[in-house]
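Okay, predicted coordinates and the sequence, questions at the end:
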Number of protein chains: 2
Amino acid sequence: MAGTPGEVAPPSVAVDLSILTVREQGLQVLVVERGTPPYLGACALPGGFVEAAEDLDQAARRELLEETGLDAAGLHIEQVGTYGDPRRDPRGRVFSVSYMALMPDLPMPTAGGDARAARWTPVADLLADPESLAFDHHMLLTDAVERARGKLEYTNLGAAFCPPYFTIAELRQVYEAVWGTVLDPANFHRKVTGVTGFLIPTGEKTQRGSGRPAALYRRGRATILHPAILRNPHGTTPLACNDHDSPERASDTGN
Amino acid sequence: MAGTPGEVAPPSVAVDLSILTVREQGLQVLVVERGTPPYLGACALPGGFVEAAEDLDQAARRELLEETGLDAAGLHIEQVGTYGDPRRDPRGRVFSVSYMALMPDLPMPTAGGDARAARWTPVADLLADPESLAFDHHMLLTDAVERARGKLEYTNLGAAFCPPYFTIAELRQVYEAVWGTVLDPANFHRKVTGVTGFLIPTGEKTQRGSGRPAALYRRGRATILHPAILRNPHGTTPLACNDHDSPERASDTGN
DNA sequence: GGGTTTATGGTCAAATTGACAATTACTAAC
DNA sequence: GTTAGTAATTGTCAATTTGACCATAAACCC
């Protein structure tokens, strides 16, 4: 907090959102088609500039409302990081504060109503192609998804992808979709029911579908799992080496 | 990325640093005394405005160099979050991107050379008093420290507080200082030596001090611990409830 | 009823942890 | 040089947790 702003052109600050949900067995994200240059017609994460009297979280919630028609109250919103490469936006100096939002697979009130087409897209498709999104949004999405994946390990955030009342199988399918793995139903059940405060049984049962009806739970107050649920039991990446820089964009030994 | 910047006065973007080290058995942070209003004479985290052609990481490294005289190459720098409350800076709309830097207890080339007094201060003292730092820097520091504490659990970041070659006891003392706990030396030794790639033995031994000389290690390439070292074996916070909002400033159910 | 499907409970060996005792390898004092 | 003192390491053991996988339960369909 010293010195003076040395900007030639004043910078602007935007928020961009990785709105994630689990649909059709997979992790999907809401992308919009850009209606103005630059990157006209390309896909991008929804977002917009922060307004004058607005906090960052407020801006993120407002954008979420504008894009999905959903009130962010009740949804999980979390800041992931800020991106400030001077050349990341051809229009000038634009800093982007990246948020991730997790939501259940809801019908969206706004769907199609907005000028820009908004649609759910499988995250895997987007991550596979670095050119799939405008600006540096591929990086924003990569980091947001990695944040989400990591937090499932040691928090009850998976429930943020589920409706208020859900079965353990639904929660497991969230984990499987987000991690892209397969989990043993029995062991998963034992694990999540064993952590006190993580899930709260409602006493009710589902009647849907084939098979034995499942008990319905709701999200407990314990947000932190201890010990964590582990990805990669001993599959890939038993000891990952940050070769590409981490979710929180750690930078090591200068580069 | 839509709409136009709705700012009346152009915003500016600053980086502020929580430069952490372990000194005198405890976690300490570098604070400066402000030489200009606002908050003249108060303590604050070092930082400054991002310059025109500068990336955020670059700005953070530059500030680190200016404050400590140390090249950030070789040190760990990591973005923690961005703070954008419209009223956080009385001068106007200033967004602050918060970084944490971890460093060993080095003599600082610049110490005292700068106009502003820079000094190491125990983190515990600052965290105990919400008014101890200018602006919202108490929040920045709180979040940075929580980030550091969390990352010790599942990464080898503790080594960033140590010199290039260090003993297991030194590493353990880092954990104890950062977490404010006491760890069993034997179990800690077994744990960190048991994770392949975490520590690399150099074959050398220390001769300092009383007691059996310790083997010297250096940081291994495995940045992620699996399974993690656990804080709070079953002490405080077995299941923490995010009543104050998390390290990464998650915000839930709207507030 | 018999077959299918999914939920949930149980078993068992392997891995990990926490507590703590034992041993090793130095330094300092006598 | 022998004896303490100190800290690093190694070892032991019971308790917990995990992963693999079998078994049972409770619905559905025909």
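All right, it came through fine. Given the structure is predicted, the values throughout are model-derived calculations rather than measurements. Numbering: from 1, shown residues only, chains lettered A, B, ... in the order given.

Which positions within the longest strand along chain A qualify as buried?
Using DSSP state E, we find that the single longest strand of chain A is strand A:12-23. The neighbour-count check on strand A:12-23 (16 or more other CB atoms under 10 Å in any protein chain shown) flags A:12-22 as buried. All C-beta spots, glycine's among them, are computed from the backbone N, C-alpha and C.

hmm, it touching chain B?
Yes - Strand A:12-23 reaches chain B (CB under 8 Å from any CB of the partner chain) through A:12-14, A:16.

Relative to A:Val123, which of these is nearest.
A:Val123 lies nearest to A:Asp16 out of those, by CB to CB, at 15.2 Å.

On the pLDDT front, check that closest one for me.
Listed pLDDT for A:Asp16 reads 98.

same deal with A:Lys191?
Confidence score, pLDDT, at A:Lys191: 96.

And for the one 10 residues further on?
pLDDT recorded at A:Pro201 is 95.

Sheet partners, orientation included, of the helix or strand containing it?
Element membership of A:Pro201, judged by DSSP states H and E, is strand A:199-205. The pairing partners recorded for strand A:199-205 under DSSP bridges are strand A:215-219 (antiparallel).

do the partner strand and DNA strand D meet?
No - Strand A:215-219 stays clear of DNA strand D (CB under 7 Å from any atom of the strand), getting no nearer than 10.4 Å.

Could you tell me which residues within that strand count as buried?
For strand A:215-219, a neighbour-count test (16+ other CB under 10 Å) marks A:216-217, A:219 as buried.

Please apply the same query to stretch A:185-197.
For stretch A:185-197, by 16+ other CB under 10 Å, it's A:188-189, A:191-192, A:195.

Select the helix or strand of chain A having the lowest average pLDDT value.
In chain A, the helix or strand scored least confidently by mean pLDDT, DSSP states H and E is strand A:250-251, which has a mean of 40.

what are the bridge partners for the residue nearest to A:Val123 when sequence neighbours are not counted, then?
Spatial nearest neighbour of A:Val123, excluding adjacent residues (CB to CB, 6 or more residues apart in numbering or on different chains): A:Leu27 at 4.5 Å. Beta-bridge partners for A:Leu27, by DSSP bridges, are A:Val22.

quick one, what contacts the residue of the stretch 1-150 of chain A found nearest DNA strand C?
The nearest approach of the stretch 1-150 of chain A to DNA strand C comes at A:Gln25, 12.3 Å away (CB to the nearest atom of the strand). By CB atoms under 8 Å, 6 or more residues apart in numbering or on different chains, A:Gln25 lies in contact with A:173, A:177.

ok, so what distance separates it from B:Pro185?
48 Å (CB to CB, to the nearest Å).

ok, back up a step: whether the longest strand of chain A contacts DNA strand C - can you check?
No - using CB under 7 Å from any atom of the strand, strand A:12-23 stays clear of DNA strand C, coming no nearer than 14.8 Å.

on that earlier part again, wait, which of the residues of strand A:12-23 next to chain B is closest to A:Leu199?
A:Asp16 (32.4 Å).

any idea how far that closest one lies from A:Leu126?
Computed with CB to CB, the distance linking A:Asp16 and A:Leu126 is 14 Å.

same question, A:Thr68
In terms of CB to CB, A:Thr68 sits 18 Å off from A:Leu126.

swap in A:Gly26?
According to CB to CB, A:Gly26 and A:Leu126 sit 12 Å apart.

Which residues of chain A lie near DNA strand D?
A:184, A:186-187, A:190-191, A:194, A:205, A:207, A:210-213, A:227, A:229-230, A:233.

Sort out which of those are in helices and list them.
Those of these mapping onto helices are A:186-187, A:190-191, A:194, per DSSP state H.

Verify the contact between A:Pro122 and A:Gln28 for me.
Yes - shown here, A:Pro122 and A:Gln28 form a contact pair, counting by CB atoms under 8 Å, at 5.4 Å.
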